[in-house]
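*Asks:* I'd like to go over a predicted model; first the sequence, then the structure.
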Amino acid sequence: MKAEEQLPQYLVAHIRRAFAEDPRTSELGVRVTIRGSKIYLSGEVNSLARKRELESVVTELAPDITVCNDIHVVSSAEPQSDYEDLQ
């Protein structure tokens, strides 16, 4: 059965499971939504590479469906302060 022929909730569950189990991603925090003929990804990851890998997983599972990757890349580095130490 083609991805576009699956019920949306089954396809979403399949994609989320793939995100969790695929060694390239191992991701649980990304939201997957299907609206019409598009799959939307949203959430936050710590690198552009991870964002691209998540999109690749979806494209492999549903090659005939358009992916809208709205995932934001956030830095996991320690915040730097411009304030002086007050000791």
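*Replies:* Perfect, I can see it now.
*Asks:* which residues of this protein fall in strands?
*Replies:* Assigned by DSSP state E, the strands in the chain fall at 31-35, 38-45, 66-73.
*Asks:* quick one: contacts of the second one?
*Replies:* When contacts are defined by C-beta atoms under 8 Å, 6 or more residues apart in numbering, strand 38-45 is touched by residues 11, 15, 27, 29-34, 51, 54-55, 58, 62, 65-74. All C-beta spots, glycine's among them, are computed from the backbone N, C-alpha and C.
*Asks:* where does this structure have low pLDDT?
*Replies:* Within the chain, the set of residues satisfying pLDDT under 70 comprises 1-5, 76-87.
*Asks:* all the helices of it, residue numbers only.
*Replies:* 8-21, 48-61 (DSSP state H).
*Asks:* deepest of those, which one?
*Replies:* Highest mean neighbour count of those: helix 48-61, a mean of 17 (counted as mean count of other C-beta atoms under 10 Å).
*Asks:* got the angle for that helix vs helix 8-21?
*Replies:* Helix 48-61 and helix 8-21 are oriented at 130 degrees to each other (axes from the mean of the first three to the mean of the last three C-alpha atoms, to 10 degrees).
*Asks:* switch to numbering from 42
*Replies:* With 42 as the first residue, the last one maps to helix 89-102.
*Asks:* check the offset of helix 89-102 from the chain's centre.
*Replies:* Relative to the chain's own centre, helix 89-102 is displaced by 7 Å; criterion: C-alpha atoms, centre = their mean, to the nearest Å.
*Asks:* and it with strand 107-114, angle?
*Replies:* Using the same axes, to 10 degrees: helix 89-102 against strand 107-114 is 160 degrees.
*Asks:* tell me the angle of helix 89-102 relative to strand 72-76?
*Replies:* With the same axes, to 10 degrees defining the directions, helix 89-102 sits at 40 degrees from strand 72-76.
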